[in-house]
Every structure is written in structure tokens, then in C-alpha cells.
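Trainee: Pasted the sequence and its predicted model underneath.
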Amino acid sequence: MGQVRRVRDASLGTQLFVLQMVIVLLAVGGTGGVWANHTRAQLDSLYEQRALAIAQSVAGLPQVRAAFDIKDPQSVLQPLALSVQQTTGADYVVIANREQTRYAHPNAALIGKRLSTDGASVLNTGKSWVGTETGTIGTTVRGKAPIFDEYGNVIGLVSVGVLQTTVTSQLAGALPPLVWTALAVLLSGLAAAALITARVRRQTFGLEPREIAGLLEQREGVLHGVKEGVLALDLAGRVTLVNDSARELLGEVGEDLTQMPVSERMRDVLGGADPGEDRIVLHGERVLVLNRTPVSVRGQHRGWVVTLRDRTELVRLARELDDTSSATEALRAQAHEFANRMHTVVGLLELGEHDAAIGFITRTTRGTYATGLRDRVQDPTLAALLLAKSAEAAERGVQLVLSEDSAVAEDVLGDPQDAVLVVGNLVANAMDALDGATGTIEVSVLTDAEGLHVRVGDSGPGIAPDLVEEVFREGFTTKAAQSGPRGLGLALTRQACLRRGGWVKVGNADGAVFTALLPAPLREPVR
């Protein structure tokens, strides 16, 4: 019991070695036992047939048949039987009459006495018999054959036998090759067990099962405790590991990349078709940042690990900060312009040019951009955005013009968040397209039964025909070497429009022209 406990508490390598050796021993022992039994059965059958052949040969001799007709048969049959026994190597040759009285026997004292084993089956049926019986000289493998007279009647029998000790000794003579073979197999099994044990140790880094289980538990705890999503892929693109955060960000995760319900852009980043760091991908309502890192074990490439970070809230805050900055710049520009006008008015008053001062004030307040903007765009949020973008454009040397057909009634947009996102991103994209050059941006916003129609055109170089669809892909940008999450504005614009059942398109007409439809829900204007 103590030995079993010591083996059970031994290392994994020792347990594997002992288990393999037990298996080898059982296999060799079982094979040896089967071989020995089979060989013994073959030897028994061989000696039985040999004994029967001798018995049938003796029974068929004419002098044996003739001896049964003389007064003293044993005088002829005993020397004949001893001669056959010596010649063939049999352990005994016995000849008996139909009454089973011996006429020949290796022990002359037993001649004239009845057979020690019953020969009635041979005498009565006239058929030969083989088997194992115990007689006066011991247990023998024997064969019995009937002796027929000239008329075909059974007049006696011949019994020839070989001692089982003789068969056993021959079997023992065949054992040394078996023993050497078994020893060679044992040694081979010992070497194989040692190699397998060493290989298992290398593959498990010498760790015991309890240590491996502990590492697995720690790994699972760490992976599922990490706030970032973690996705592991093997060389064939199959998902080998995914933590809770990745499932929360991606939703359903298939067995491989082809089964994932994600966009082509996401599949390109996960599969390596779009390499690089901090790849920005839109997935549903989320803005994700992906990093794909190769995994190597012992110098061999095994797959990739992809980390996913949710930047949705950060992008939203950045957009709100950008809107706030634009509004601040607009207020700063207006304050600067107002200060200049006030200085002019004060100067005219100090000079006593009261009529000139009044005329200047009248011209300044009549038909300002803000006044014209509020007449056509009565929604305060959208109007404030356009006013801020107008000030930002002026700072860049760009003229932002609101088209005459613009008409947005007050309080019809409901939640203006999507409208601000679409208009703001399209105007910001137009200003980026001019890239610091002087130019004009024309904005048209119009509400009707379908929803909010937006058109933004710039006097820039336009969009290359092969990039008409590409510009809406997240991460796409025509500006090189710029930091930050570039290429999200148009992708977010399209996402907002599609989410509401609308669309966004781009064309060229003396520059790029973006048109978008942001469908209802709209509300009736307040009366």
C-alpha cells in the first residue's frame, strides 16, 4: 500500500514511466503466455499425429497380422515392438488383442496382462484415436490404431505414446529465443518509455499536473479579469481563446474568422490583411481599437493575439470637445470683431460724428451672417454648430456659405445628436479637403417629410473615382503622418445615417459634394 502511495505521489514523469513499464510487462507477459500455450498445443498435436502414424504403420505390417494366428504371438510381436520403439524414438509401443491383453510392452512383466487404459473405442469402431492418457509409465501423448485381419475384422490394436515430459523438454528448448525476444522488447519498451517521459517533461516545461492546473486557473482568471478584449487565433485562423471582454465587444464569436459576424474591415484587421498598430474599426455602435501581435513558442510562430479596446466614449468626448472648441473659437472671433466695431463707434462719437456712428451701427447689424443663419436654420443646436463652423472656417481662410434653399424649422429634429454629427463631420471633412487653401464651402440643410437633407460641397480637388466608396471606410484618411484616430468622421457619418435608415453619398462637381439623408424621427414645429 505504501509503494502504491509513493507512486501516486510521484512526479508526472515517474508515473508515466511506471505506467508504461507496467503496460510493456503485461504485453510481453501476455504475448509470451499465448505463445507458450500455442506452441504447447502445436507440439501436443504434432506428437499425437506422430504417435498415430507409428501405430498405423505397425498395425499395417503383415507379420503383425500373421502373429495373431500363432500360439505364442508375443514371441514375434515383442521384439518387433521394441525395435520400432527404438527406431522411432517413441516412449512405448504396446500391441494387444481384441480382449485388450498385451502381446508387447516395454515392461516385459506386463505382457499378458490387460491394458491399463481402455481401448474399447478403437476395437469396437475400428477407428484410430489420439489423445493424452496416464498409463503405467506416466502421462503420455498417444495414438491408437486398430489391427484388421484379412477379412477386415478388428483383431487387436497398437498403442504408441510419447511422455509429456518429452514434449515439455522440447518446449523448454524453444523458450530461450522467446526469453531473449521478450528481454529485447522490455529493453526497447524501457528506452521508449524514457524517451516519452522526457518528451512529456519538455512539452510541459517540467511542470506537474497540479502546477499546470494552477497556471490554467491563473490564466483564466487573468484573461477574464482584463478589461480589454483578448482574442487568440492559430495559424489556420481558428479562434483558440476569447475572454469575456472580447465577447462583450464583439457579441457572437464563431470558431474561425469566416464564421464571425463582423464587417470586412474587422475581418481584414483580425486576419492581418490590414496590418499595423491601433487599427480603428467600427463594430455596431462601438469604436474599437485593435492591435494584432504574433505569438511565438520556442522560436516557432504559433498564431496571433488580438487586443480590442473600446474607444466609443473617448471618441464621443473628443467630438464634444471639438464642438466646444469650435464654439469657443467662434465666440472669440465674434468678441474680437465686436471689440473692433465698438472701438470704431467710440471713435466716431468722440469725434462728434454722431450720424456716421449711427449709420455704421445700422450697417453692421443689418444682414449679418448670424441673423441670416437664424432666419433659415431655426433649430438652435444646428444653428450654433453652423455658426461655430463658420467662425472656424474664417480662421482657416475659408468662406462657409449657407445655401438659399436651407430651411430647418425650430424643434423638428428631436434629439439633434445625429444631425450635429452628420453636418459637423461633413463640414469638417470639407475644411480638411481644402487643407489650408482659400476656398468656399457651401452647406445646405433642409427638412421635409423624409427627414433632414444635408449637402456639403467644397471647392477643393474633389474625390478620386476609385475612392468614392473607400472614403467611408473607418480608418481611411488621405492625410499622412497625422496622429490620433484619423478617418472616423465619414465612417461615423455613414453609420449614423444607416442606423436611421438613410444614406450618404459623394460625387464631384467643381470639388467634392457630399449628400446625406438622415430620416425621421422628426417632430412638428412648435407653433
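Mentor: Ah, there it is.

Trainee: What is the neighbour count of residue 359?
Mentor: Residue 359 has 12 neighbouring residues, counting by other Cβ atoms under 10 Å. For glycine as for every other residue, the C-beta is placed from the backbone atoms N, C-alpha and C.

Trainee: helix or strand for it, which one?
Mentor: Counting by DSSP states H and E, the element that carries residue 359 is helix 354-365.

Trainee: Quick one: mean pLDDT over that helix.
Mentor: Average pLDDT, helix 354-365: 68.

Trainee: Over to stretch 86-99?
Mentor: Regarding stretch 86-99, the rounded mean pLDDT is 87.

Trainee: in that stretch, what's buried?
Mentor: 88, 90, 91, 92, 93, 94, 95, 96, 97, 98 (16 or more other Cβ atoms under 10 Å).

Trainee: Of those residues, which is the nearest to residue 107?
Mentor: residue 92 (8.7 Å; Cβ to Cβ).

Trainee: residue contacts, residue 119?
Mentor: By Cβ atoms under 8 Å, 6 or more residues apart in numbering, the residues touching residue 119 are 96, 100, 144, 157, 159.

Trainee: Point out the other helices and strands that the host helix or strand of the first one packs with.
Mentor: Remark: residue 96 resides in strand 92-97, with elements defined by DSSP H and E. Using 3 or more Cβ pairs under 8 Å, 6 or more residues apart in numbering; DSSP states H and E, the elements in contact with strand 92-97 are helix 12-59, helix 74-88, strand 102-104, strand 154-163.

Trainee: what about the ones you listed, which gets the closest to residue 244?
Mentor: Of all those, helix 12-59 comes closest under Cβ to Cβ, at 31.2 Å.

Trainee: That closest one versus strand 154-163: what angle between them?
Mentor: 150 degrees (axes from the mean of the first three to the mean of the last three Cα atoms, to 10 degrees).

Trainee: burial of residue 396, as a residue count?
Mentor: Residue 396 has 17 nearby residues by other Cβ under 10 Å.

Trainee: swap in residue 433?
Mentor: 21.

Trainee: sec struct for it, please.
Mentor: For residue 433, the assignment made with DSSP: H, G, I helix; E, B strand; the rest coil gives helix.

Trainee: Same question for residue 384.
Mentor: helix.

Trainee: pLDDT at it, what is it?
Mentor: 81.

Trainee: roughly how far apart are it and residue 416?
Mentor: Residue 384 sits 10 Å away from residue 416, going by Cβ to Cβ, to the nearest Å.

Trainee: And residue 406, by the same measure?
Mentor: 15 Å.

Trainee: Neighbour count for these two, which is higher?
Mentor: residue 406 (22 against 19).

Trainee: Contact partners for the nearest residue to that one once chain neighbours are set aside?
Mentor: The shortest distance from residue 406 to any non-neighbouring residue, by Cβ to Cβ, 6 or more residues apart in numbering, is to residue 376 (4.5 Å). For residue 376, the contacting residues are 402, 406, 407, 408, by Cβ under 8 Å, 6+ apart.

Trainee: let's see it at 10 Å
Mentor: 383, 386, 402, 403, 404, 405, 406, 407, 408, 444, 445, 446 (Cβ atoms under 10 Å, 6 or more residues apart in numbering).
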